[in-house]
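> One predicted model, sequence on top.
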Amino acid sequence: MLVVGFPVGAFQANCYVLAPGRGQHCVVVDPGQDALDGIAEQLSEHELTPAGVLLTHGHFDHVYSAEQVCREHGVPAWIHPDDRYMLTDPAAGIGPMGQQLLGDLSAWPAPPEVREIADGDVIEAAGLRFDVTHSPGHTGGSVLFGAGTDEGGRLVLAGDTLFAGAIGRTDMPGGDHGQMLRTLAERVLPMDDEVVVLPGHGPTTTIGRERAENPFLQGLATPDGSAS
């Protein structure tokens, strides 16, 4: 599997491009601010053709360029229904303080085709399969996209649910810290240590590393009653 990630925009959100290999179809994950040049560079370098856009949640720094990518390539975007409203009302997801910091965020059009996803869904696109896990906490519609690799391993596109050494903030509209802790305990900690985490910001990590070192995971009990 070909996996390329690069930070974009003022908040350095990670945009990812995944494909079975060079010269094939691909999916674009979280095309945020100023992502278009980076996406075009990867498409050209690896001779890729987009088949769809996956959105881990609706915050503008992860969806800013989704409409243009979808429109230019004639592909759908997948997002959880609880975050769909932010595709056309980005200011609603950041609250008054964020709006003051960033200035006017005018509404913009949603991608031409938006497909809603739910917990347990499987998305098949570009010859790849992604398992959808609803992971509310950072936003109400945050999701994890899990996929197997050619080598037999697994990766998870975690959005802003889990970072290396941290988790996504929960103090913006739609955030819920208690729900985030439940998501971490019930959805994240049961994953195998070897699962590679591709987060929405910052460097790649693994579930095992975060289980051992991430202070936000310490002391959380998994559904079987064991503690991290």
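Looks like it came in fine.

> where along the chain do the strands fall?
For the chain, the strands defined by DSSP state E occupy 2-8, 13-19, 25-29, 49-54, 77-79, 114-116, 122-125, 128-134, 143-148, 154-159, 162-163, 166-167, 196-199, 205-206.

> For the chain, name the helix or strand with the lowest mean pLDDT.
Lowest by mean pLDDT, DSSP states H and E among the helices and strands of the chain is helix 95-102, with a mean of 64.

> what helices or strands is the lengthiest helix in the chain leaning on?
Longest helix of the chain, by residue count under DSSP state H: helix 36-46. When contacts are defined as 3 or more CB pairs under 8 Å, 6 or more residues apart in numbering; DSSP states H and E, helix 36-46 sits against strand 2-8, strand 13-19, strand 25-29, helix 66-73. Bear in mind the C-beta positions are built from the backbone N, C-alpha and C, glycine included.

> As CSV, those with distance to Leu54 and mean pLDDT would be great.
Formatted as CSV, the helices and strands packed on helix 36-46 follow (distance: least, CB to CB, whole Å; pLDDT from 0 to 100):
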stretch, distance to Leu54, mean pLDDT
strand 2-8, 13, 97
strand 13-19, 9, 98
strand 25-29, 5, 98
helix 66-73, 10, 98
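
> Now mean neighbour count too, for the ones you listed, in JSON lines please.
Converted to JSON lines, those look like this (neighbours: other CB atoms under 10 Å):
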{"stretch": "strand 2-8", "mean neighbour count": "17"}
{"stretch": "strand 13-19", "mean neighbour count": "25"}
{"stretch": "strand 25-29", "mean neighbour count": "25"}
{"stretch": "helix 66-73", "mean neighbour count": "18"}
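
> The closest residue to Met172 other than its chain neighbours: how many residues sit nearby?
Computed as CB to CB, 6 or more residues apart in numbering, the closest residue to Met172 that is not its neighbour in sequence is Gly95, at 5.3 Å. When neighbours are counted by other CB atoms under 10 Å, Gly95 registers 15.

> Was I right to think Gly95 contacts Pro173?
Yes - applying CB atoms under 8 Å as the test, Gly95 and Pro173 come out as touching, 5.2 Å apart.

> Of all the helices and strands packed on helix 36-46, which one is nearest Gly165?
Between Gly165 and these, the shortest separation by CB to CB is 15.1 Å, and it involves strand 13-19.

> just checking, what packs against that closest one?
Judged by 3+ CB pairs under 8 Å, 6+ apart, strand 13-19 is in contact with strand 2-8, strand 25-29, helix 36-46, strand 196-199.

> Which among the ones you listed is found nearest to Trp78?
With respect to Trp78, and counting by CB to CB, the nearest of the helices and strands packed on strand 13-19 is strand 25-29 at 9.0 Å.

> Report the contact partners of Val143.
Thr56, His57, His80, Ile117, Asp119, Val132, Thr133, His134, Ser135, Gly159 (CB atoms under 8 Å, 6 or more residues apart in numbering).

> show me what contacts Gly58?
Contacts of Gly58 were listed using CB under 8 Å, 6+ apart, and they are Ile79, Asp83, Arg84, Tyr85, Met86, Leu87, Gly93, Thr139, Gly141.

> Please consider this matter closed, and thank you.
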